[in-house]
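*Asks:* I would like the atomic coordinates for the input below:
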Amino acid sequence: MDAQTAIDLCRDSIWIALLISAPVLLAGTVIGLLIGLFQALTQIQEQTIAIVLKILVMVLVIAFLMPWMAEKMIDYSADLFDNVPNILVKEE
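*Replies:* Next up, the predicted model:
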């Protein structure tokens, strides 16, 4: 395997990881900002409210998007396994 192939494989795997994790992280960030704003406006400084709501929203997003996430991971894995012979042939 040459260096460019290794770089392409790493880039693709990082891209898939970012694509799959982005909705969950975005939902957690948005909820965290909204809860922080609400706490600042009402002067309620209870940290468990923020943590519990963020975890709950992130779990709901994962549950809702699990079929899409699984499809993306399966497609990437299938493409990777299908291309293994091509990668090995380039080496020779």
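
*Asks:* okay but Q39 is in contact with L53, surely?
*Replies:* No - contact status for Q39 versus L53: not in contact, 10.9 Å apart, counting by CB atoms under 8 Å. C-beta here means a position set from N, CA and C on the backbone, and glycine is covered the same way.

*Asks:* buried stuff in stretch 50-70?
*Replies:* Residues of stretch 50-70 classed as buried by neighbour count (16 or more other CB atoms under 10 Å): A50, L53, K54, V57, M58, V61, M69.

*Asks:* kindly reformat these as a markdown table and extend each row with secondary structure, distance to C10 and pLDDT.
*Replies:* Below are these laid out as a markdown table (DSSP: H, G, I helix; E, B strand; the rest coil; distance: CB to CB, whole Å; pLDDT from 0 to 100):
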| residue | secondary structure | distance to C10 | pLDDT |
| --- | --- | --- | --- |
| A50 | helix | 35 | 85 |
| L53 | helix | 35 | 92 |
| K54 | helix | 30 | 93 |
| V57 | helix | 31 | 95 |
| M58 | helix | 27 | 95 |
| V61 | helix | 27 | 96 |
| M69 | helix | 20 | 95 |
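
*Asks:* can you lay out those residues as CSV showing distance to W15?
*Replies:* Converted to CSV, the buried residues of stretch 50-70 look like this (distance: CB to CB, whole Å):
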residue, distance to W15
A50, 30
L53, 30
K54, 25
V57, 25
M58, 21
V61, 20
M69, 14
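
*Asks:* tell me which of the residues you listed is nearest to P23?
*Replies:* Sorting those by how near they are to P23, with CB to CB, puts V61 at the top with 5.8 Å.

*Asks:* excluding chain neighbours, give the residue nearest to that closest one in space.
*Replies:* Using CB to CB, 6 or more residues apart in numbering and skipping the chain neighbours, the partner closest in space to V61 is A27 (4.5 Å).
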